Structures are given as C-alpha cells and as structure tokens.
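Novice: Model the following, please.
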Amino acid sequence: MKRSWRIWLGVAITVFFVFVAFRGQDFNAIRQSLRDFDYAYIIPALVLLFTGVWFRAVRWRILLKPVVEISSRDVFPIVVIGFMANNILPFRAGELARSYALSSKTGAPKSSALATIAVERLFDGVTMLGFLLASATVISLTSNLRHLAILAFVVFTGAILFLVLLTLSGNWRDRILQIVLGPLPEKMADRVEQMAESFLAGLGVLRRRRDLIAVAGCSIIAWSFEASTYWLLAKGFGEPLSSVMTPAAAFLTTGVANLATLIPSSPGYVGPFETGVKWGVEGALGVNSATALSYAILVHAVLFFPITLLGFFMLWRERISLAQLREAEVEMETAEAT
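Specialist: Numbering: from 1, shown residues only. Okay, the predicted model is just below:
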C-alpha cells in the first residue's frame, strides 16, 4: 500500500509539472524548433556528458575508501547502472541499485555504500547551489529561481549539519541511537544497530580533509562537464538561444534543472526537469517559451536515452537483472519498515 501510494504521488507530481511546462504552448512551434536543431552537436555533447560521468566515478571511488578499495574503472559501470535505474525505476532507485551492484561486486555493506551516496548527493546539491549563486552575479534571477535557491540552501545546510554531527559527536550520536533502540525487541535492535554502524562507516570520508577536497574538486569538474553539455546543445538551436547561452547561463540552467529534480516525481524526472529548464531559459534569459521548452525536451532526451541504454548493457555485463534491483529496493523498504 505504501509503495503504491508513493508511485501515484510521483505520477501526480509529474502530471502537474508537465501541465505547468506545456500550458499554453504552441506545439507547432516546438516541433519546428526541434526540426531546425543541428543534430551534429549531439555527439560532442555526449563526449562532454560521459566525461563528467567518469569524474563522478572517480569521486565515488574516493568516497568509498573507508568502505572498500575499488578502481574508478570498476566503479564507472556501477555509476552508469545507477543513472539507468533512476531513469526507469521509481523512488530514485538508482541509489539502491548502486549499493546493490557494489555489494554484489565487492561484498561491501549496502548501508555503507548508501552513506557514501548520501554524502555524494550533498556535494551535488552544494555544487548546484554554487552554480546558481555564481551565475546570479551576472544574471538576474526570477522570483521562482530565488525561491528554489532558498529551499535548496535550507535543505542542504540542514543535511550537512546533521551528517557532520553524526561523524563528530560520538556522545550525541550514541544517545540518539539508544533512544531509537530502547523500545525495540533485542533481535531487531541488534539489526538496526548493525545497519547504523555500517552507515556511519560510510561517512568516514567526512573526517579526511584531503579526500573531502578531492571530492569537492571532482564534483565541480563533473558538473562543469554537464553544464558544458547544456551550453553546446544550445548552440545547435541557433539564434537567439545560442547567443544568450553563455557559460554563466549554462551554469544557471544546469543548477536550476537539477535542483528542480529534487522534487519527487515519476522515473526520469519528467516534468520537474522541463519546468526547471524552462524557468531558467525563458525566465532568466528571455528566450521565447517554445524555444525554451524545445531546448528542455532535447537536453532531457540527451541526458536520458544514451546513459539508460548503456546502463542496460552494464547491467548485463555485471550479470545483474532488473528483478534483482527491484528485490533490493523491496528489501531496503522492508528494513526501513522494521
């Protein structure tokens, strides 16, 4: 019942944002804009995109140091599988898929892997927020974008403070754990305690200053390559989009689009992504609505289809099935419920 309710909530949110993005649009103009796009830009855009994915793999390898030793080459296919799972499965299942694939490959505890992914997501959010604030120094933000920036600041600041407390304040952490475990039966309490300890082990990188700097650097580089993908694809639309999509505008659009995908929705972030890009391109850059939405659709397609197809190949290569990923998701939900 809980799972079904969450699925329908995601679908409802997707429908709402699709309505917001497409309301009052000239669909003929959108089709014409997509026909006029120079598709020769897609190949170099994909090179930029997958270079960014490689740096994500390097970043995760660094985060995994306290958990397991693994090469970036071995991490890369798992990262791609995570993207694929997020694109086709509900509830941002890519995080669970990555932890399952890593555990299958190396024997690393799933809870520890999830902790490193939680840290990774915080670095992503802070980087996106940094992009948004840096671009705001040269581009005027609309009220919608300002509200999004404020929401992101509150969410990520709170999450960072919580994780820092978990790693630095042993007494506080132990008291919280005792309160949680106290009412539980002994067998269940032991299981929860083991999961908590495994999760905390995955946060070990937060105590290593050099690794934190490396993770921050990889985050900036990875997202800069993705922003370059946004910038290059805008060139394929010609005027007026190609001239207003400066590097600062590309950082702004990347930040807005990815912060918008924090809103829970159906797989692939359909709806929130298009709305976020449209807000950035139309609202902040002054591009007409049809072109802005055409651009959002094309960028989303480039980000979605190639890595999803590669993810299926990597899934086959790693000898993992979608059924196993779904089972891992159900297993994690059951653990949360107990």
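
Novice: CA atoms for contacts and neighbours, from now on please.
Specialist: OK.

Novice: Next, find the distance separating Gly255 from Ala222.
Specialist: To Ala222, Gly255 is 13 Å away according to CA to CA, to the nearest Å.

Novice: Which pLDDT value goes with the nearest residue to Lys235 once chain neighbours are set aside?
Specialist: Leaving aside its sequence neighbours, Lys235 sits nearest to Ser242 (CA to CA, 6 or more residues apart in numbering; 4.4 Å). pLDDT for Ser242: 92.

Novice: Quick check: Ser242 touching Tyr230?
Specialist: No - assessed by CA atoms under 8 Å, Ser242 is found out of contact with Tyr230, at 10.7 Å.

Novice: So which of these two has more stuff around it?
Specialist: Tyr230 (28 against 15; other CA atoms under 10 Å).

Novice: Identify the residues contacting the more buried one.
Specialist: Taking CA atoms under 8 Å, 6 or more residues apart in numbering, we find Tyr230 in contact with 45, 250, 253-254, 299.

Novice: so which strand or helix has it?
Specialist: helix 209-235 (DSSP states H and E).

Novice: continuing past that helix, what's the next helix or strand?
Specialist: Assigned by DSSP H and E, the successor of helix 209-235 is helix 241-244.

Novice: and the angle from the following helix or strand past that next one to helix 209-235?
Specialist: Following helix 241-244 in sequence order, the next helix or strand is helix 247-260 (DSSP H and E). Taking axes from the mean of the first three to the mean of the last three CA atoms, to 10 degrees, one finds helix 247-260 and helix 209-235 inclined to each other by 110 degrees.

Novice: tell me which residues of helix 247-260 are tucked away?
Specialist: Neighbour-count burial for helix 247-260 flags 247-260 (criterion: 16 or more other CA atoms under 10 Å).

Novice: any residues touching that helix, and which ones?
Specialist: 125, 128-129, 131-132, 134-136, 138-139, 145, 148, 152, 224, 226-228, 230-231, 272-277, 279-281, 285.

Novice: Can you select the buried ones from these in ChimeraX?
Specialist: For the buried members of these, the matching ChimeraX selection, counting by 16+ other CA under 10 Å, is:
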select :125,128,129,131,132,135,136,145,148,152,224,226,227,228,230,231,272,273,274,275,276,277,279,280,281,285
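
Novice: Distance check, the nearest residue to Ala149 once chain neighbours are set aside against Thr308.
Specialist: Nearest non-adjacent residue to Ala149, counting by CA to CA, 6+ apart: Leu129, 6.7 Å away. The gap separating Leu129 from Thr308 is 26 Å, by CA to CA.

Novice: Ok, Gly94 next?
Specialist: For Gly94, the distance to Thr308 - CA to CA - is 11 Å.

Novice: okay, the two: which has more neighbours?
Specialist: The neighbour count for Gly94 versus Thr308, taken as other CA under 10 Å, is higher for Gly94 (24 against 21).

Novice: give me every residue that touches the more buried one.
Specialist: 81-87.

Novice: Now, those residues that are in helices?
Specialist: 81-87 (DSSP state H).

Novice: just the buried members of those residues?
Specialist: 81-87.

Novice: now, which of the residues you listed sits nearest Arg210?
Specialist: Gly82 (26.4 Å; CA to CA).

Novice: ok, Thr142 to Ser135 distance?
Specialist: 13 Å.

Novice: coming back round to it: just to be sure, which of the contacts of helix 247-260 are found in helices?
Specialist: Per DSSP H, helices hold the following members of those: 125, 128-129, 131-132, 134-135, 145, 148, 152, 224, 226-228, 230-231, 272-277.

Novice: Please, which helix or strand holds the closest residue in space to Pro109 that isn't next to it in sequence?
Specialist: Using CA to CA, 6+ apart and skipping residues adjacent in sequence, the residue nearest Pro109 is Ser103, 6.1 Å away. Per DSSP H and E, Ser103 falls inside helix 94-106.
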